[in-house]
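Structure of the sequence below:
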Amino acid sequence: MWGLFGVAVTEFLLGLTSSVQLWAGDIVPIAYPIGWPKLNSLVGIVHSIEFCAISALAVAHARFHIWRHTKLRDNALRIMAPMAFHR
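Prediction:
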């Protein structure tokens, strides 16, 4: 949860320090551009590292649970599924 908050904050800072107006989906402006290129570059690097770290954690989390369900046969998927899908 905190990682996603950090990505959102750095996204806002990217828009704030940019030299051009950035838009979220061509609908909502992210922030009024101030035009600080050095700070924009630093925030961009931090934003990229945060995004890659969260992506790696999500992949590792998914791999762990797939391994747990398939190799250990922990029955968690069966517990979550409706009774109609049970054998």
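
Show me how far the helix or strand hosting residue 53 is from its chain's centre.
Using DSSP states H and E, residue 53 maps to helix 37-71. The chain centroid and the centroid of helix 37-71 are separated by 7 Å under Cα atoms, centre = their mean, to the nearest Å.

One more: stretch 31-40?
23 Å.

ends of it, how far apart?
13 Å (Cα to Cα, to the nearest Å).

Tell me which residues are up against that stretch.
Here stretch 31-40 makes contact (Cβ atoms under 8 Å, 6 or more residues apart in numbering) with 12, 13, 14, 15, 16, 17, 18, 19, 20, 21, 22. Every C-beta, even on glycine, is put in place using the N, C-alpha and C of the backbone.

Just the closest of those residues to residue 29, please.
The closest of the contacts of stretch 31-40 to residue 29 turns out to be residue 21 (Cβ to Cβ; 6.0 Å).

Quick check: which element contains that closest one?
Going by DSSP H and E, residue 21 is not in any helix or strand.

Tell me, how many residues neighbour it?
By other Cβ atoms under 10 Å, the residues close to residue 21 number 11.

any idea how far it lies from residue 7?
According to Cβ to Cβ, to the nearest Å, residue 21 stands 20 Å off from residue 7.

related to what we said a few turns ago, what's the following helix or strand after the helix holding residue 53?
From helix 37-71, the next helix or strand downstream (DSSP H and E) is helix 76-80.

quick one, whatever helix or strand residue 11 lives in and helix 37-71 angle?
Element membership for residue 11 (DSSP H and E) is helix 2-17. Between helix 2-17 and helix 37-71, the angle comes out at 160 degrees (axes from the mean of the first three to the mean of the last three Cα atoms, to 10 degrees).

what does stretch 49-56 rub up against?
3, 4, 6, 7, 10.

residue contacts, the last one?
Residues in contact with residue 10 (Cβ under 8 Å, 6+ apart) are 43, 46, 47, 50.

and what of the fourth one?
Contact partners of residue 7, counting by Cβ under 8 Å, 6+ apart, are 47, 50, 51, 54.

With that, I have no additional questions.
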